[in-house]
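> Based on what follows, work out the 3D shape:
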Amino acid sequence: MEEQLGQWPISVSIPVLWGQMDAFNHVNNVMYLRWFESARIVFFEEADIIGEMERTGVGPILGRATCDYRIPLTYPDQLTVQTTVTSIGTSSFVMLNRVLSSAHGGAVAAEGEAVIVMVNYKEGGKAPLSDAIREHIYRVERGEQANP
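Numbers count the residues shown, from 1 in each chain. Below you'll find the model as predicted:
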């Protein structure tokens, strides 16, 4: 099933805002992580991870995040932020993220990785990734609805 991963099923369109630039006249580095987060949350919603958390108390927490900056971005620009799951473990999964810039002809402006760990928010501590969520992730990666 691992070959079904890494399909970039989620794309979110986000404008660069004037106020996101810093004193060096380019977008502040923290914005890239926020854009990654926006796409990640859309993936969580599509894969019913948020619904699972509401029903069971088991949900995601960000265990690690990285960002490699490729092109400095400035206002105005229209971005496409994409995310995908590349591997699934027993209590965590790895997501890749990328930001594509319209002003730069669709070039990759940044890439990053996020390790998502499942946590039992009621009892504390790590929790196993349920079979249902695992299947929902595969469905999203295949471009299907998580809850057909």
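
> So for the chain, the centremost residue is which one?
If you average the C-alpha coordinates of the chain and look for the closest C-alpha using C-alpha atoms, centre = their mean, you land on Arg40, 2.6 Å from that point.

> Give me the residues contacting the helix or strand harbouring that residue.
Element membership for Arg40 (DSSP states H and E) is helix 30-46. Among residues not part of helix 30-46, those counted as contacts by C-beta atoms under 8 Å, 6 or more residues apart in numbering are 9-12, 14, 20, 49-50, 60, 65, 67, 69, 79, 81-83, 85, 95, 97, 99, 109-110, 112, 114, 116, 140, 145-146. From N, CA and C alone the C-beta is placed, and that goes for glycine too.

> Show me just the buried residues among the residues you listed.
The neighbour count (16 or more other C-beta atoms under 10 Å) marks 9-10, 12, 14, 20, 49, 60, 65, 67, 79, 81-83, 85, 95, 97, 99, 109-110, 112, 114, 116, 140, 146 as buried among the contacts of helix 30-46.

> Which secondary structure state does the residue lying farthest from the centre of the chain sit in?
For the chain, the largest distance from the centre (C-alpha atoms, centre = their mean) belongs to Ala23, which lies 27.7 Å off. Assigned with DSSP: H, G, I helix; E, B strand; the rest coil, Ala23 falls in the coil class.

> Can you give me the pLDDT of it?
As summarised for this prediction, Ala23 has a pLDDT of 95.

> and the gap between it and Ile116?
Applying C-beta to C-beta, to the nearest Å, one obtains 33 Å for the distance of Ala23 from Ile116.
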